[in-house]
Structure formats: C-alpha cells, structure tokens
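Enquirer: model the following, please.
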Amino acid sequence: MQKLFIRKFSASNITAYSAAIIFMVAAILAGISIGSVRVPVGDIVNIMFGQVLPVLNERQTDPMYANIVMNIRLPRVVLAGLVGASLAIAGAAFQGLLRNPLADPYTLGVSSGASVGAVVTLFYRISLPLVGIYTLPLLSIASAFITIVIVLFFAKSIDRSMKVETIILTGIIFSSFLGALISLMIALSGEELRQIIGWLLGSVSMRGWSYVQIILPFLIVGSAVLLLNARELNAIAFGEERAQYLGVNVPARKFAVLAASSMITGAAVAVSGAIGFVGLVIPHLTRILWGPDHKHLFPLSMLIGAGFLILADLAARSVIEPAEIPIGVITALIGAPVFAFILLRRRMERSG
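Expert: Numbers count the residues shown, from 1 in each chain. Below you'll find the model as predicted:
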C-alpha cells in the first residue's frame, strides 16, 4: 500500500511539473515569436541552440531575426519570467507564513516599500561603493524589509493576537500611504521623476541583459532559503504552537522567510516596478491545482508565475501596438477580480 501511495504521489508530481514546464516554455516561445515582426519558432530554436546542436545550423536564419531575438525579445522575456517567478514564490511564502491566501507582497505593502527605496535611489542617483549596479536592488530590498517589519509591529500594536486580517489591512494602509508618498515626490520633483511613473506601473520594456544580471542572484539566494524552509512552513500552516511542539524554531524560521521574501520582492521591484496581484493569484491557483505542500508549491508557483508574467507582458505590448500598456495594468485587470472572488469565497465559507 505504501509503495502504491508513493507511486501515485510521484506520478502526480510528474504531471504537475510537466504541465508547469510546458506552460512556461510555450509562454517563452510566444513572447519571443509574437511582435511587430513575427519570428518563426524554428528560427528561434536555431538562434538559441544552433551553437550547441550543430545539426540545427543547416537551417538558414535571417540575421535580422537573430538580432531581434538575442538583443530585444529574449532579454525582455527572460526578465519578465524572472520577475514573475520572484513575485509568485514571495507571495506563496507570505501566504504560507501568515496562513492566509490574501497575503502577497502587494497587499502587505512590501512592493510599495521597495518602490520607495527604488525611487529614492533613482532620484538622488545614489551609488554605494563596491556594489555598483546592485545599489538599486540592495536599497530596494532594505526598504521592503523595513516596511514588512513596521507593518507587523503596527499590526501587533493594534491586535496582540496579530490576526491575519489585521496584518493585511495594515499592509494595505501602509501601501496606500507609501503610494501617496511616491506621488508627492514625483509632483515636487518636476520633470526628473515623471519618466518613473511608467516604471512604477510596472514594465520590463527596454531593460536589457544588465537587469537580468541584477535580479538573478537575489532570486537564486532568496528562493534557496525559502525552499530550505518549506518543511517548516508546512508545520507552521497547522499553527505556530503545534510547529514549536514539532521542534520548529518558529521565530528564526519566520525571520528567514520574511527576509528571503523581502529580498526577492525588493529585487523584482527594482528592475520592473511594482507589479500587483501576481503573488496573490499564482500561488492561490497553484495551491488549488496541486495542493499546499510548500516543497512543490514554491517551484510550481515559480514556473507558472514566470509563464504568466511573460504572457501578461506580451498582452501589454500587443493590445495597442506600437504603444504599450504598463504590465501592472494587465495583472491588476486579472488579479483584482480574483482578489474579490477569494474574499467572497472566504466570507461564504465562514457564514456557511
């Protein structure tokens, strides 16, 4: 019986990962192929893997396609995928830690806090010695972490039991306040920060490979920390007291998860602006499809989040081509109704 259970469990995992990988790969190919100039999928494969697989070099590829793929679309698609994966795993971590599907970097104010750090860095052209291009994500991460600490401290001051609803409402209040602060900075600064308005709405346009280099190390380190704490988050899901009884050092694990999630969120906001609802919708959908086990919820959320944001970016640059809609607008149009649905569903479950 145990062997049968393990086989079924493994088969379920294979199905889940296969579906998530296929979705992400299809999104990548669509993001690279579709645009003002359509690039055939065969040419994309040849351009990207022709050096590794010489047999592909038999196909003649237009040099214009190679330039479009490698210098314009591929870095944009990769960056969108990394940002989507970052926001999805951070949202899954916040939801697991707070035991509430309504928690995500956007609703907790972490994204807004990171935006404040990024805007201040860009406006004052701050450059820290020794770190160079990583000044922007580091200050954005610091601002994100400070914000979540203040949100939790304020929520505890209001309600010592720290109900999840209190934490989320506090996060929304701080998010609104920080958003107003950013708007005030823009209004007072004249022309210098007006170009950042589009960035604040969320965009991966014209970023290039240097922005991929900025976000990648923080995503690798942060996601590794979260994956190492997946089992402890599974225990915390049953309550902190029970987790302590099982031998989990709850305060240390909570700090590690909060720090890693803030790191990932801050780096994502630094390169793309504040993109809402990805961290809310994707982990919730993944949990419904394949269960709440964080050992699989984290990587599956990253794969689906990457594919989702690549498709959202494709929609953002295709709907009113040649102009672009900020990617944050697309995710909000999808995420806001889902957020309302989750609220309604929770209310019905409680009343029923």
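
Enquirer: residues touching the helix or strand hosting Glu232, excluding its own?
Expert: Taking DSSP states H and E as the definition, one finds Glu232 inside helix 230-236. The contact list for helix 230-236, computed with C-beta atoms under 8 Å, 6 or more residues apart in numbering, reads 93, 96-97, 99, 242-243, 246, 248, 250, 253-254, 257, 292-295, 297-298. C-beta coordinates here come from the backbone N, C-alpha and C atoms, glycine included.

Enquirer: now do the buried residues in it.
Expert: Applying a neighbour-count criterion of 16 or more other C-beta atoms under 10 Å, one finds 230, 232-236 buried in helix 230-236.

Enquirer: which of those has the weakest pLDDT?
Expert: Minimum pLDDT for the buried residues of helix 230-236 is recorded at Ile236 (90).

Enquirer: quick one: low-confidence parts of the stretch 201-350 of the chain?
Expert: Counting by pLDDT under 70, the stretch 201-350 of the chain contains no low-confidence residues.

Enquirer: residue boundaries of the helices in it?
Expert: Along the stretch 201-350 of the chain, the stretches classed as helices by DSSP state H, counting those that start in this stretch are 209-228, 230-236, 240-245, 250-272, 278-290, 294-318, 327-351.

Enquirer: I'd like the ones you listed as JSON lines, with distance to Thr61 appended.
Expert: Converted to JSON lines, those look like this (distance: least, C-beta to C-beta, whole Å):
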{"stretch": "helix 209-228", "distance to Thr61": "21"}
{"stretch": "helix 230-236", "distance to Thr61": "42"}
{"stretch": "helix 240-245", "distance to Thr61": "55"}
{"stretch": "helix 250-272", "distance to Thr61": "30"}
{"stretch": "helix 278-290", "distance to Thr61": "34"}
{"stretch": "helix 294-318", "distance to Thr61": "22"}
{"stretch": "helix 327-351", "distance to Thr61": "29"}
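
Enquirer: give the contact list for the residue nearest the centre of the chain.
Expert: Centroid-nearest residue in the chain: Leu87, 1.3 Å away (criterion: C-alpha atoms, centre = their mean). Leu87 makes contact with 104-105, 264-265, 268, 275, 278-279, 282, 305, 309, according to C-beta under 8 Å, 6+ apart.

Enquirer: can you list the buried residues in the helix or strand containing it?
Expert: Secondary-structure assignment from DSSP H and E places Leu87 in helix 74-98. For helix 74-98, the neighbour count (16+ other C-beta under 10 Å) marks 74-98 as buried.

Enquirer: please report phi then psi for the residue nearest to Met70 when sequence neighbours are not counted.
Expert: Excluding its sequence neighbours, the residue lying closest to Met70 (C-beta to C-beta, 6 or more residues apart in numbering) is Ile47, at 6.7 Å. Taking degrees, to the nearest 10, you get phi -70, psi -40 for the backbone angles of Ile47.

Enquirer: can you pull the contacts of Ile47?
Expert: So, once contact is read as C-beta under 8 Å, 6+ apart, Ile47 ends up touching 61, 65-66, 69-70.

Enquirer: now do the end-to-end distance for stretch 30-38.
Expert: Length of stretch 30-38, first residue to last, C-alpha to C-alpha, to the nearest Å: 10 Å.
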